[in-house]
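> prediction below, plus the sequence it came from.
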Amino acid sequence: MIAMTTELTVLTLAALLQVLQFALYSVTAQKQVGMNYAAGSRDTPRQLTGTAGRLQRALNNHFEGLILFGIAVFVTTASGQSYGLTATCAWVYLAARVLYIPAYAFGWVPWRSVIWAAGFIATIIMLLAALL
């Protein structure tokens with residue numbers, strides 16, 4: 001049985017963050033397109049704009065980042081390579097994902113990209129650490 005490492009705890013929190021992001025996106029999107037469209041078949045796509053569009057793109061970005069981070073957590077935990085560096089990287093990833101939401105929603109330029117890079121680099125370090 002695999003023990004609940006710090007990295008696994010952070011992965012779980014990152015997944016819950018994604019649930020929160022989905023809720024934020026859904027509320028803003030429904031306000032923009034209306035309840036009938038949101039509940040309907042959506043055969044005719046609508047382009048979200050403004051905050052709803054930015055929250056949609058931030059959510060999609062988190063889906064992409066979470067895949068790589070999940071792999072990093074898996075290989076770190078399964079190989080027994082969980083230690084201080086990888087735990088710190090996991091927390092950096094989560095902090096970056098939390099900050100990324102308002103950075104994208106409010107258009108913090110260039111900070112959105114800097115925040116994204118911090119999470120990405122933390123994930124890469126975790127992957128490399130699992131190989132050592």
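It's in. Residues are numbered from 1 along each chain as shown.
> and the residue nearest the centre of the chain, what does it touch?
When Cα atoms, centre = their mean is applied to the chain, the residue found nearest the centroid is residue 62 (3.0 Å). Contacts for residue 62 (Cβ atoms under 8 Å, 6 or more residues apart in numbering) come out as 14, 17-18, 21, 97, 100. The way it works is simple: take the backbone N, C-alpha and C, and place the C-beta from them, glycine included.
> which of the residues you listed fall in strands?
Secondary structure defined by DSSP state E assigns none of these to strands.
> picking up where we left off before, and the residue nearest to the centre of the chain, what element?
Following DSSP states H and E, one finds residue 62 within helix 50-78.
> what's the burial count for residue 26?
Residue 26 is flanked by 15 other residues according to other Cβ atoms under 10 Å.
> what about it, distance to residue 52?
Distance from residue 26 to residue 52, counting by Cβ to Cβ, to the nearest Å: 9 Å.
> contacts only, for the residue nearest to residue 52 when sequence neighbours are not counted.
In space, residue 52 comes closest to residue 28 once its chain neighbours are excluded; the distance is 4.0 Å by Cβ to Cβ, 6 or more residues apart in numbering. For residue 28, the contacting residues are 51-52, 55, by Cβ under 8 Å, 6+ apart.
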